[in-house]
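In: next input, structure requested:
(chains A, B, C and D)
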Number of protein chains: 2
Amino acid sequence: MRIGELAKRAGTSTRTLRYYESRGLLAARRTGNGYRDYDEDDLRLLRQIRTLQDFGFELEETRPFVDCLRAGHPAGDSCPASLAVYRRKLGELDGLIGQLAGVREQVARQLAAAEEAAGEAAGQAAGHTAGDGGGEPPAPRCEMTG
Amino acid sequence: MRIGELAKRAGTSTRTLRYYESRGLLAARRTGNGYRDYDEDDLRLLRQIRTLQDFGFELEETRPFVDCLRAGHPAGDSCPASLAVYRRKLGELDGLIGQLAGVREQVARQLAAAEEAAGEAAGQAAGHTAGDGGGEPPAPRCEMTG
DNA sequence: GTAGGGCTTGACGCGGACGTCAAGGCAAGG
DNA sequence: CCTTGCCTTGACGTCCGCGTCAAGCCCTAC
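Out: Predicted coordinates:
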């Protein structure tokens, strides 16, 4: 099949396929007139790349999977190098998730503190003190427009 | 103080400060010879920006905080617009964390399946069969769509 | 005088995964 | 013949937060 059909079947663009080729993934045969010519194996290979891309893998990280399929293995992750990428990625994901969770907590605390400060200021302005025990009360529900 | 000192005290670079200025954050007075001239308020403002940047906020998202400080408020998050950014960011973080957790689970399952397949292949190669029901492994237990 | 440091503006580079435009070839239909 | 639609290569644009270099001015010290 030609590049347009492959792109359509993989749900991507021809530009992307040419880009992959320029990166050394997804080589293509050529027909007599110079058009790229792909087969079902190329489609499988491309789907493997796209799946990993959807996971957030960088293109280079998909290379072991591609090489694995090219070597004739039934799946892209049938090779040790692919498993190593999986494991490294798991570590990265755990680290990133933990980091984001930490940031989330800090932002949540900042928000809570700022809301409380705003609430107290409003209370004072209205001559009405909050008067609760100064600890960490349950977060205000949704008093401001989001 | 001049730009070099401000950069040092904020733990960033002069290039970064000029960039912030070009973006309309962090305006600077000028001395007679054309040098930028900053004061302690600018430092506070800059620290606010840097804190949010460390949280992963985009520069544009720090603008409400900057405007808030410039308006004379005691903290950058004393204004409704800043709180709105906090809330939006919390939502984004929750979404992102959930998505990453979903990816993490998928990668973990892929890894487990590939490891098991590799183990069985090795077992067969060694004349030792794993012996579990040879069909598809049980469907993934939890679908964490992200 | 001159070396050295800090400052100025301007402009290009980077990384990642492409989008988009330009100029032109190839094949099929009317 | 001409149009339409697919294909080719090449090259520049995008986003973001800067890094880095270039050319030159200001001030101080020796």
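In: alpha carbons only for contacts and neighbour counts from here, please
Out: Fine.
In: who's in contact with A:V107?
Out: When contacts are counted by C-alpha atoms under 8 Å, 6 or more residues apart in numbering or on different chains, A:V107 touches B:55, B:86, B:90.
In: so it lies in a strand, does it not?
Out: No - applying DSSP: H, G, I helix; E, B strand; the rest coil, one finds A:V107 to be helix, outside a strand.
In: by neighbour count, which of the contacts of A:V107 wins?
Out: Among these, the one with the most neighbours (other C-alpha atoms under 10 Å in any protein chain shown) is B:Y86, at 23 neighbours.
In: could you measure from the residue nearest the centre of chain A over to B:E61?
Out: Geometric centre of chain A, nearest residue: A:G56, 3.5 Å, by C-alpha atoms, centre = their mean. As judged by C-alpha to C-alpha, to the nearest Å, A:G56 and B:E61 stand 24 Å apart.
In: check the residue in chain A positioned nearest to DNA strand C and give its pLDDT.
Out: With C-alpha to the nearest atom of the strand as the measure, A:E58 is the residue of chain A nearest to DNA strand C, at 3.2 Å. Model confidence at A:E58, expressed as pLDDT, equals 95.
In: how far away is it from A:G91?
Out: From A:E58 to A:G91 the distance is 15 Å (C-alpha to C-alpha).
In: backbone dihedrals for A:S78, please?
Out: With angles defined as degrees, to the nearest 10, A:S78 sits at phi -90, psi 0.
In: show me the contacts for it.
Out: A:S78 is in contact with A:68, B:114, B:117-118, counting by C-alpha under 8 Å, 6+ apart.
In: farthest pair within those residues?
Out: A:C68 and B:A117 (14.5 Å; C-alpha to C-alpha).
In: and these two? Which one has more around it.
Out: Under the neighbour definition other C-alpha under 10 Å, A:C68 and B:A117 were set side by side, and A:C68 has more, 21 against 14.
In: tell me the spacing between A:L93 and B:L96.
Out: A:L93 sits 12 Å away from B:L96, going by C-alpha to C-alpha.
In: of these two, who's got more company?
Out: Neighbour count, other C-alpha under 10 Å: between A:L93 and B:L96, A:L93 has more, with 19 against 16.
In: excluding residues flanking it in the chain, which one is nearest the more buried one?
Out: Among residues not flanking A:L93 along the chain, B:R104 sits closest, at 6.4 Å (C-alpha to C-alpha, 6 or more residues apart in numbering or on different chains).
In: tell me what angle the strand or helix carrying the one you found forms with helix A:80-125.
Out: Element membership for B:R104 (DSSP states H and E) is helix B:80-125. Orientation of helix B:80-125 against helix A:80-125 (axes from the mean of the first three to the mean of the last three C-alpha atoms, to 10 degrees) gives an angle of 160 degrees.
In: hmm, helix B:80-125 touching DNA strand D?
Out: No - using C-alpha under 7 Å from any atom of the strand, helix B:80-125 never reaches DNA strand D; the gap is at least 13.6 Å.
In: wait, A:Y35 sits on A:R2?
Out: Yes - here A:Y35 lies in contact with A:R2, judged by C-alpha atoms under 8 Å, at a distance of 7.0 Å.
In: who has more neighbours out of these two?
Out: Set A:Y35 next to A:R2 and count neighbours by other C-alpha under 10 Å: A:R2 wins out with 16 against 13.
In: distance check, that one against A:S22.
Out: Distance from A:R2 to A:S22, by C-alpha to C-alpha: 17 Å.
In: low-confidence stretches in chain A?
Out: Counting by pLDDT under 70, the ranges of chain A that qualify are A:119-146.
In: how about the residues of it near chain B?
Out: Applying C-alpha under 8 Å from any C-alpha of the partner chain, we find that chain A lies next to chain B at A:55, A:77-78, A:83, A:86-87, A:90, A:93-94, A:97, A:100-101, A:103-104, A:107-108, A:111, A:114-115, A:117-118, A:144-146.
In: which among the residues you listed count as buried?
Out: A:55, A:77-78, A:83, A:86, A:90, A:93, A:97, A:100-101, A:103-104, A:107-108, A:111, A:114-115, A:118 (16 or more other C-alpha atoms under 10 Å in any protein chain shown).
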